[in-house]
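**Student:** only geometry, no sequence info:
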């Protein structure tokens with residue numbers, strides 16, 4: 001019988017995804033649809049008298065690590081007080097040149113520690129050239 005894939009590689013197809021760096025590199029120039037769903041655990045660490053620096057969590061998919069407007073995908077989640085889990089998704093279409101990469105970034109303005117949990121995903125599919 002053929003060897004079974006590792007669970008983390010079950011849906012890993014094509015040469016573009018690097019699981020170590022978390023980057024998807026476009027094999028050809030074209031329009032790609034990207035999707036990321038992050039399951040994030042957070043702990044509340046506000047001490048008495050400490051001001052809250054914000055309660056937003058931005059998740060972005062950026063090309064070449066440049067997260068400027070009009071060249072990235074972005075979603076913003078409002079965080080409730082306290083700890084717990086939050087799931088944040090971002091999806092959309094970006095144009096990549098051959099050899100350019102896209103990756104996911106988390107901008108944490110809440111000031112509490114975050115951990116991306118297993119069950120999160122990141123995908124890219126070539127739509128057309």
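**Tutor:** That came through fine. Everything numeric here is computed off the predicted structure, so don't read it as measured data.
**Student:** state the helix or strand in which the closest residue to residue 119 other than its chain neighbours lies.
**Tutor:** Leaving aside its chain neighbours, residue 119 sits nearest to residue 39 (4.9 Å; criterion: Cβ to Cβ, 6 or more residues apart in numbering). Yep, even glycine has a C-beta here, placed from its N, CA and C like the rest. If you go by DSSP states H and E, residue 39 is part of strand 30-42.
**Student:** show me the shaky parts of the protein.
**Tutor:** The chain contains residues with pLDDT under 70 at 1-14, 44-54, 81-83.
**Student:** please repeat the previous calculation with a cut-off of 80.
**Tutor:** Applying pLDDT under 80 to the chain picks out residues 1-15, 17-20, 43-55, 69-71, 79-84, 110-112.
**Student:** return the residues in contact with the residue nearest the centre of the chain.
**Tutor:** Centroid check for the chain by Cα atoms, centre = their mean gives residue 104 as the closest residue, at 3.3 Å. By Cβ atoms under 8 Å, 6 or more residues apart in numbering, the contact set of residue 104 is 22, 36, 38, 59-61, 90, 122.
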